[in-house]
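Engineer: Return a 3D structure for these sequence lines:
(2 chains)
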Amino acid sequence: MYRQTDIISDSRISPQEGDLVINVGPQHPATHGVLHLVITLNGETIKKVEPHLGYIHRSIEKMCESLTYRQFIYVTSRMDYLSAHINNHACALCVEKGLQVEVPARAQVIRVLMDELTRIASHELWWGAMAMDLGAFTPFFHAFRERETINDIMEETCGARLTMNYMVPGGVMQDLHPDFQKRVKEFIQLYKRKIHEYDELVTDNIIFQNRMKSVGYLSPEDAISYGCTGPTARGSSVSSDIRKLYPYEIYDKLEFDEVLETGGDSFARYMIRIREMHESIRIIEQLIDNIPEGDFQAKTKAVLKLPKGEFYTRVETARGELGVYIVSEGGTTPYRIKFRSPGFSNLSVLDHIARGSKIGDLVAMMGTLDLVIPDIDR
Amino acid sequence: MTKEELKIKIAELLPAATFDETGEWLNVHADAKDWLTLAQQLCNDPSLSFDYLFCLTCIDWKTHLSMVYHLSSTKYRHNIVVKSKLDTHQPEIETVSFIWRTAEFHEREVYEMFGVNFLNHPDLRLLILPDGWEGKNPLRKDFEDPVNMIKL
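Structural biologist: The predicted model follows:
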């Protein structure tokens, strides 16, 4: 179906004579989904970037109002599908906060392990896809080689490769696969053997660096004001790692660093994600031999009822801060639920950083913001 | 600042504000007409410096709407929640997109989903819904769409 759009609708900057208005998307390979950008150009210089959203808006917030506290978690895998585990985790934490359930130690470790594997898988896909946007096709295959291993590990334990739905209120759905530890150790070996290729292929490539450096500069003040989180904010040296600032599960007992870069440009955001993968590996190495024995799920009632009140949890997904806000009236379904998605805020800064740059650099900026469209539309 | 210190400080700034401590963070209830002044003070006061608006949303309580602003300070790491009651039939509140730029997109979302009119908003248009959308606001409790909505 065609969607009629009133293209020139932002009254603040209206196109002058000689300006060119072009549509990027909704079906454009560089937008990674169905993002529609209306760009006003003067020659090759960007005057304005205006996102038109809603092509895959499923109104998850409305849907969740009629689902029970066990059911709604499954829908959230479809928001940021690359961080499906972490979305589920945020929802499970929020329900547990309302029920005041203590999660067994084994389940906590499993959750963190899964979160970090997901984070690596997400960054791998981002790395391959971003290099492809800039015209390099080989990195995509390299990234998928490692990501495939993680997907296989997920499939063994959770039964699914992308939308895992493994977290339930009180713990995880089932115990780990007997081969889990062995497979993860194999993956760590593979990762360490191959990761230098990433730097040799892309990071140290002078052509790549020229396309990334001083492109899309974002100042720390703007990053905070626009509500940017995750690697986007940390590239501008804004400390925003929820795992460090408001630790959940066992993150306060683990040794890892919050990665910060001071550049504020696309290259800084790129480096953050590369370095974050190393940190995730560090976390996995600390945990993989120390998974405590015991229950993988706390005992909860069959029908969950949250007490009357409001509950908010924040977790760090691969893209930034995900907030889950549940308003309960004491029933079996939420009265209102709001997902504060990282992609939505990160997208809002695109117009700000793109103004005045050349159209060719737009792809580099979009790539390093790491937009996942279902996360923005919800 | 702790909850108590925040409470004293905000009561100084806005004597009309009421508080409740039911949630994880301090809840501040302010009138819609006081919101803009309060928001400016919350952001600019050096001892508060709430520079990061991490969640902006609205709740339909059937009798009234309630705007909910979650604020955080990147300097002191304290959080508060500000709530403001709005009329169901003519919901209006001042925009805060000049204070926190992230509010611009979030307010557009609330505008189309709940029909809240943000006064002085620089660019109040539909963001997610298709242009030319007519009818009620989807996230309101009385919204019914026989064609597109699947009852679960």
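Engineer: Hmm, residue A:239 is touching residue A:261, no?
Structural biologist: No: counting by Cβ atoms under 8 Å, residue A:239 stays clear of residue A:261, with 11.7 Å between them. For the C-beta atoms, the positions are set from N, CA and C on the backbone; glycine is no exception.
Engineer: ok, the two, which is more surrounded?
Structural biologist: residue A:261 (18 against 13; other Cβ atoms under 10 Å in any protein chain shown).
Engineer: List the contacts of residue A:197.
Structural biologist: residue A:142 (Cβ atoms under 8 Å, 6 or more residues apart in numbering or on different chains).
Engineer: let me fix that: residue B:117
Structural biologist: B:90-93, B:111, B:124.
Engineer: PyMOL command to pick out the buried ones of the residues you listed?
Structural biologist: Only the buried entries of these go into this PyMOL selection, using 16 or more other Cβ atoms under 10 Å in any protein chain shown:
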select buried, chain B and resi 91+93+111+124
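Engineer: The contacts of residue B:117: which two are farthest apart?
Structural biologist: B:90 and B:124 (15.2 Å; Cβ to Cβ).
Engineer: ok, and the closest non-adjacent residue to whichever residue of chain A sits closest to chain B?
Structural biologist: Nearest residue of chain A to chain B: residue A:227, at 3.2 Å (Cβ to the nearest Cβ). Spatial nearest neighbour of residue A:227, excluding adjacent residues (Cβ to Cβ, 6 or more residues apart in numbering or on different chains): residue B:102 at 3.2 Å.
Engineer: Need the per-residue pLDDT for the one you found.
Structural biologist: If you check residue B:102, the pLDDT there is 89.
Engineer: can you tell me which residues contact it?
Structural biologist: A:225-227, A:345, A:348, B:53, B:56.
Engineer: Tell me the strands beside the helix or strand encompassing residue A:337, with direction?
Structural biologist: In this structure, residue A:337 is located in strand A:336-340 according to DSSP states H and E. Sheet partners assigned to strand A:336-340 using DSSP bridges are listed as strand A:321-328 (antiparallel).
Engineer: For the strand it pairs with, buried residues please.
Structural biologist: Quick answer for strand A:321-328 (16+ other Cβ under 10 Å): A:321-328.
Engineer: Centre of the chain to that strand, how far?
Structural biologist: 16 Å (Cα atoms, centre = their mean, to the nearest Å).
Engineer: I'd guessed residue A:378 sits against residue A:339; true?
Structural biologist: Yes: with contacts counted by Cβ under 8 Å, residue A:378 reaches residue A:339, the gap being 5.9 Å.
Engineer: Between the two, which has more neighbouring residues?
Structural biologist: residue A:378 (26 against 23).
Engineer: how near is the more buried one to residue A:330?
Structural biologist: According to Cβ to Cβ, to the nearest Å, residue A:378 stands 26 Å off from residue A:330.
Engineer: again with residue B:98
Structural biologist: In terms of Cβ to Cβ, residue B:98 sits 38 Å off from residue A:330.
Engineer: and if you look at residue B:48?
Structural biologist: 33 Å.
Engineer: In terms of neighbours, single out the busier of these two.
Structural biologist: residue B:48 (22 against 10).
Engineer: Make sure I have this right: that one is in a strand.
Structural biologist: No: with DSSP: H, G, I helix; E, B strand; the rest coil as the criterion, residue B:48 is located in coil rather than a strand.
Engineer: so what's it closest to, chain neighbours aside?
Structural biologist: Nearest non-adjacent residue to residue B:48 (Cβ to Cβ, 6+ apart): residue B:42, at 5.5 Å.
Engineer: does that neighbour count as helix, strand or coil?
Structural biologist: Quick answer, by three-state DSSP: residue B:42 is helix.
Engineer: tell me, how many neighbours does it end up with?
Structural biologist: Neighbours of residue B:42 using other Cβ under 10 Å come to 26.
Engineer: Please verify my assumption that it contacts residue B:51.
Structural biologist: No: between residue B:42 and residue B:51 there is no contact under Cβ under 8 Å: 9.3 Å.
Engineer: got the residues of chain B near chain A?
Structural biologist: Residues of chain B lying near chain A by Cβ under 8 Å from any Cβ of the partner chain: B:22-25, B:51-55, B:57, B:59-60, B:68, B:70, B:74, B:77, B:100-102, B:104-106, B:109, B:122-123, B:125, B:127-132, B:138-139, B:143, B:151-152.
Engineer: go again using 6 Å as the cut-off
Structural biologist: B:22-23, B:51-52, B:55, B:57, B:59, B:74, B:100-102, B:105, B:123, B:125, B:127-128, B:130-131, B:139, B:152 (Cβ under 6 Å from any Cβ of the partner chain).
Engineer: mind listing the helices for chain B?
Structural biologist: B:3-13, B:35-44, B:103-114 (DSSP state H).
Engineer: Specify the angle between the second one and helix B:103-114 in degrees.
Structural biologist: Going by axes from the mean of the first three to the mean of the last three Cα atoms, to 10 degrees, helix B:35-44 is angled at 140 degrees with respect to helix B:103-114.
Engineer: And for the first one?
Structural biologist: With the same axes, to 10 degrees defining the directions, helix B:3-13 sits at 90 degrees from helix B:103-114.
Engineer: Return the list of helices and strands in contact with the helix ranked longest in chain A.
Structural biologist: Secondary structure of chain A per DSSP H: the longest helix is helix A:105-133. With contacts taken as 3 or more Cβ pairs under 6 Å, 6 or more residues apart in numbering or on different chains; DSSP states H and E, helix A:105-133 sits against helix A:84-99, helix A:138-158, strand A:171-172, helix A:266-288, helix A:362-369.
Engineer: what's the closest of these to residue A:213?
Structural biologist: Of all the helices and strands packed on helix A:105-133, helix A:266-288 comes closest under Cβ to Cβ, at 4.7 Å.
Engineer: then the following helix or strand past that closest one to PDB, C-alphas only?
Structural biologist: As assigned by DSSP H and E, the chain's next helix or strand after helix A:266-288 is strand A:309-316. The C-alpha trace of strand A:309-316 is given here as PDB (Å, rounded to 0.1, in the frame of the first residue of the first chain):
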ATOM      1  CA  GLY A 309       1.700   0.400  41.500                       C
ATOM      2  CA  GLU A 310       4.400   1.300  39.000                       C
ATOM      3  CA  PHE A 311       7.600  -0.500  38.200                       C
ATOM      4  CA  TYR A 312      10.400   0.600  36.100                       C
ATOM      5  CA  THR A 313      13.600  -1.300  35.100                       C
ATOM      6  CA  ARG A 314      16.400  -0.300  32.900                       C
ATOM      7  CA  VAL A 315      18.900  -2.600  31.200                       C
ATOM      8  CA  GLU A 316      21.800  -2.200  28.800                       C
END
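Engineer: do you know how far residue A:100 is from residue A:92?
Structural biologist: Counting by Cβ to Cβ - residue A:100 and residue A:92 are separated by 14 Å.
Engineer: Between the two, which has more neighbouring residues?
Structural biologist: Applying other Cβ under 10 Å to residue A:100 and residue A:92 shows that residue A:92 carries more neighbours, namely 28 against 7.
Engineer: just checking, residue A:19 touches residue A:42?
Structural biologist: Yes: counting by Cβ atoms under 6 Å, residue A:19 does reach residue A:42; the two are 5.3 Å apart.
Engineer: which parts of the helix-or-strand element of chain B with minimal mean pLDDT are buried?
Structural biologist: Across the helices and strands of chain B, mean confidence by mean pLDDT, DSSP states H and E is lowest for helix B:3-13: a mean of 82. For helix B:3-13, the neighbour count (16+ other Cβ under 10 Å) marks B:6-7, B:10, B:13 as buried.
Engineer: now the residue in chain B positioned nearest to chain A: how far from residue B:28?
Structural biologist: Nearest residue of chain B to chain A: residue B:102, at 3.2 Å (Cβ to the nearest Cβ). For residue B:102, the distance to residue B:28 (Cβ to Cβ) stands at 19 Å.
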